[in-house]
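**Student:** model the following, please.
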Amino acid sequence: MVLPGNGSPASGASRTNQRFPRSARLLKSEEFRRVFSNGTSHVGRSMVMWSLTGVCEAPRLGVVASRKIGGAVARSRAKRLLRECFRLTRAQLRPDVALVLVARRPLPGMRMPAAREEYLRLAARAGVLKETVTSKEQ
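**Tutor:** Okay, here's the model as predicted:
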């Protein structure tokens, strides 16, 4: 049985391009260390974006939320917001970029549009957006 809205051809919409597969994640501590030691950071009110270009074939993301953010629920919400910002804008990112997003205290209380706006502002400042995206926004 095919349920509507699950990404099957019967639902009319394919969601395969918006997924967040394991291959798009930074998983090993050495990958995080490489971005932290060789990349550049850009600080926002609710997140810090570390970026390193020229290291992969497709955009990749690592997320960090320390206990300073709050309890497990707050940390999970912060990580979910950061992953969703990346997932929705992955097509706009340069293909050779690795990002590490570090959550800061205000993030768990933010709504998605505000978090995404700050994420895009930091991405533009970091120079990780494709040229066509940055020229449209200016």
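**Student:** and the residue nearest to the spatial centre of the chain, how far is that from R67?
**Tutor:** In the chain, the residue lying closest to the centroid (C-alpha atoms, centre = their mean) is F86, at 2.7 Å. F86 sits 22 Å away from R67 when distances are taken as C-beta to C-beta, to the nearest Å. In short, each C-beta sits where N, CA and C put it, glycine included.
**Student:** now swap in V100 and tell me
**Tutor:** Taken as C-beta to C-beta, the span from V100 to R67 is 18 Å.
**Student:** repeat for L101
**Tutor:** 17 Å.
**Student:** the two: which is more packed in?
**Tutor:** L101 (25 against 9; other C-beta atoms under 10 Å).
**Student:** what sits against A74?
**Tutor:** With contact set as C-beta atoms under 8 Å, 6 or more residues apart in numbering, A74 has these partners: P108.
**Student:** that one belongs to a helix?
**Tutor:** Yes - inclusion of A74 in a helix is indicated when DSSP: H, G, I helix; E, B strand; the rest coil is applied.
**Student:** return the distance of it relative to E131.
**Tutor:** In this view, A74 and E131 are 36 Å apart by C-beta to C-beta.
**Student:** now R34
**Tutor:** The separation that R34 has from E131, given C-beta to C-beta, amounts to 25 Å.
**Student:** and what of E118?
**Tutor:** For E118 relative to E131 (C-beta to C-beta), the value is 22 Å.
**Student:** so between the two, which is more surrounded?
**Tutor:** Just comparing E118 and E131: by other C-beta under 10 Å the higher neighbour count belongs to E118, 19 against 9.
**Student:** please consider this matter closed, and thank you.
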